[in-house]
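Asks: The following comprises the amino acid sequence and a computationally predicted model.
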Amino acid sequence: MPYEVVIGLEVHAQLLTHSKMFCGCGTTFGLPANTQTCPVCLGMPGTLPVINQKAVEMAIRAGLALNCAIRTGNRFARKNYFYPDLPKGYQISQYEAPICENGWVEVGGNGAAKRIHIRRAHLEEDAGKNIHEGGNGSSRVDLNRAGTPLLEIVTEPDMRSADEVVAYLKMLRDILMYLEVCDGNMEQGSLRCEPNLSLRPVGQKAFGTKVELKNINSFKFVKDALEYEIKRQTRVLSEGGKIHQETRLWNVERGETATMRSKEEAHDYRYFPEPDLLPLSISEDWIEELRKTVPELPAARQQRFVSEYGLPEYDAGVLTTSKGLADYFENCMKLFDQPKTVSNWVMGELLRELNHSGTSVDRSPVSPERLVSLLKLVDNGTISLKVAREIFPDVYASGKSPEQIVQEKGLTQVSDEGALERIIDEVIAKNPAQVAQYRGGKQAVFGFFVGQVMKESGGKANPGKVNELLKRKLAG
């Protein structure tokens with residue numbers, strides 16, 4: 001029996017605030033355990049939470065970018081459960097009145113866009129982290145992360161394949177990073193996703209039994225885990241078995257999912273309104289003020305790069321994956337109005353060096369001005385394209401200007417006709433047989449002469465001039 005895959009997604013995005021959701025402790029990643037804590041985030045008796053206004057602003061901006069309705073009246077709730085990394089015995093979250101509702105994003109392009117609906121996006125605090133010691137069976141708890149502000153974004157079960165999930169996740173990550181509300185670092189846990197999926201016979205409206213996946217921290221692992229789980233559930237159902245509602249972990253080493261815990265049909269978190277926090281009232285004026293701060297988002301910017309600069313869809317897609325890269329490209333364009341040339345260099349030489357050194361484009365040692373100065377040396381014939389590509393790693397690593405490197409290495413392109421004619425005359429004189437072949441109609445021999453001239457000039461001859469002068473000389 002053919003089955004249809006049904007997938008929904010919960011994403012926890014850590015907001016880029018300097019302090020936690022309900023106290024003044026810092027949110028810096030990687031500090032020694034339990035050094036960013038206070039009585040509030042440790043859940044000490046008698047302490048009171050205070051809402052982080054910056055986190056609320058970031059949630060509103062994210063909701064607007066995700067086409068959500070912003071609730072003017074929303075409130076926090078206590079989500080009660082016991083776990084060692086939850087010091088209060090409950091998590092402050094939002095339940096009946098989330099800050100953002102009923103949004104959507106579109107994934108895919110070229111006339112095949114699909115709308116993924118967002119049920120809700122709500123604010124909550126993060127838990128701490130359990131650290132399990134190997135060998136002795138003991139565990140420790142680091143509460144640095146406890147109280148860190150999160151925006152939990154929940155989709156409707158609209159996705160039908162692992163590829164759609166990855167496309168949605170990448171789009172969501174790009175949007176959050178464009179807004180500068182989340183750094184999108186999945187390895188550090190700044191962006192955590194929990195897919196839930198079920199299978200049902202094609203044509204059936206009722207959903208199948210849902211399985212949730214955890215412990216996934218990269219796009220590749222999301223795809224791998226989902227594809228494995230789809231095959232597993234298909235096999236179980238095809239053999240007449242039954243899918244059990246449960247949470248499963250993705251084991252990277254073994255490339256398979258494994259049961260973490262079974263799940264009841266419904267959670268009993270005993271939600272109730274947080275008594276220590278008043279309902280949060282958001283004015284329409286505040287929403288409109290924040291709407292003005294939402295930048296041009298990746299999809300819109302990609303479309304503009306195609307229409308305004310005439311770039312291929314692929315180029316525009318690569319250049320708009322991050323706001324920093326798109327800004328870099330446009331800063332180059334202000335100085336050098338050759339879109340495809342700039343695009344090729346940014347996607348090629350620049351990204352290659354940035355990726356190799358693990359550097360973000362915001363910290364690139366080659367500024368847009370410096371890259372453009374190199375492109376202008378090629379454009380005005382001072383150096384060849386080949387030389388420009390050869391010296392780019394030096395420009396990147398040394399901090400020197402392209403002009404300085406060209407001068408120091410004596411790489412200035414030879415365009416003087418008199419000098420080129422002398423080299424060409426020598427090459428023609430040395431190769432009478434090839435001259436006869438060319439004049440006899442064997443046009444392919446022309447490349448031989450170009451290569452010989454470039455060799456004699458040490459690669460410095462202007463290729464355009466060489467071609468022009470050679471044709472004139474060989475014509476006899």
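Replies: Right, received. Where do you want to start?
Asks: any low-confidence regions in this structure?
Replies: Counting by pLDDT under 70, the ranges of the chain that qualify are 109-111, 135, 263-267, 413-416, 476.
Asks: Tell me which residue is most central in it.
Replies: Closest residue to the average C-alpha location of the chain: residue 174 at 5.2 Å, with CA atoms, centre = their mean.
Asks: hang on, it packs against residue 298?
Replies: Yes: at 4.5 Å, residue 174 counts as touching residue 298 under the criterion of CB atoms under 8 Å. Heads up, the C-betas are built off the backbone N, CA and C, glycines and all.
Asks: Can you list the helices and strands that the longest helix along the chain packs against?
Replies: Ranked by residue count, the top helix of the chain under DSSP state H comes out as helix 219-238. Contacting helix 219-238 under the criterion 3 or more CB pairs under 8 Å, 6 or more residues apart in numbering; DSSP states H and E are the following elements: strand 3-14, helix 162-179, strand 191-201, strand 211-214, strand 246-251, strand 256-262.
Asks: Out of the ones you listed, flag the one nearest residue 366.
Replies: Closest to residue 366 of those is helix 162-179 (CB to CB; 21.9 Å).
Asks: And the closest one, what's buried?
Replies: Going by neighbour count (16 or more other CB atoms under 10 Å), the buried part of helix 162-179 is 162, 164-169, 171-179.
Asks: How far off centre is it?
Replies: Distance of helix 162-179 from the chain centroid (CA atoms, centre = their mean, to the nearest Å) equals 7 Å.
Asks: Regarding residue 434, what is its secondary structure?
Replies: The local conformation at residue 434, judged by DSSP: H, G, I helix; E, B strand; the rest coil, is helix.
Asks: Would you agree it is in contact with residue 448?
Replies: Yes: Residue 434 is within contact range of residue 448, at 5.8 Å (criterion: CB under 8 Å).
Asks: the more surrounded of the two?
Replies: residue 434 (18 against 15; other CB atoms under 10 Å).
Asks: so how many other residues sit close to the closest residue to that one other than its chain neighbours?
Replies: Setting aside the residues directly before and after it, residue 434 is nearest to residue 445 in space (CB to CB, 6 or more residues apart in numbering), at 5.2 Å. For residue 445, the count of nearby residues is 18 (other CB under 10 Å).
Asks: Just confirm residue 445 is within a helix.
Replies: Yes: looking at residue 445 with three-state DSSP, it is inside a helix.
Asks: and it, how far is that from residue 471?
Replies: The spacing between residue 445 and residue 471, counted by CB to CB, to the nearest Å, is 12 Å.
Asks: Residue 219 too?
Replies: 52 Å.
Asks: Give me the more crowded residue out of those two.
Replies: For residue 219 versus residue 471, the count of surrounding residues by other CB under 10 Å is larger for residue 219: 16 against 11.
Asks: do you know how far the more buried one is from residue 468?
Replies: The value you get for residue 219 to residue 468, if CB to CB is used, is 50 Å.
Asks: on that earlier part again, mind putting the helices and strands packed on helix 219-238 into JSON lines with distance to residue 225?
Replies: JSON lines is the format used below for these (distance: least, CB to CB, whole Å):
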{"stretch": "strand 3-14", "distance to residue 225": "11"}
{"stretch": "helix 162-179", "distance to residue 225": "8"}
{"stretch": "strand 191-201", "distance to residue 225": "8"}
{"stretch": "strand 211-214", "distance to residue 225": "5"}
{"stretch": "strand 246-251", "distance to residue 225": "4"}
{"stretch": "strand 256-262", "distance to residue 225": "6"}
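Asks: These: which one's closest to residue 185?
Replies: strand 191-201 (6.7 Å).
Asks: buried ones in that closest one?
Replies: Buried, per 16+ other CB under 10 Å, within strand 191-201: 191-200.
Asks: what number of residues lie near the residue nearest to residue 163 when sequence neighbours are not counted?
Replies: Nearest residue to residue 163, sequence neighbours excluded (CB to CB, 6+ apart): residue 223, at 7.2 Å. Look at residue 223: counted by other CB under 10 Å, it has 17 neighbours.
Asks: now do residue 290
Replies: The burial count for residue 290: 19, using other CB under 10 Å.
Asks: do the same with the one 10 residues further on
Replies: Counted with other CB under 10 Å, the burial measure for residue 300 works out to 11 neighbours.
Asks: Please, which helix or strand holds it?
Replies: helix 298-309 (DSSP states H and E).
Asks: Kindly spell out which helices and strands sit in contact with that helix.
Replies: helix 162-179, helix 313-319, helix 323-333.
Asks: Of all the residues in that helix, which ones are buried?
Replies: Buried residues in helix 298-309 (16+ other CB under 10 Å): 298-299, 301-302, 304-306, 309.
Asks: Closest to residue 247 out of the residues you listed?
Replies: Closest to residue 247, out of all of the buried residues of helix 298-309 and judged by CB to CB, is residue 298, at 31.9 Å.
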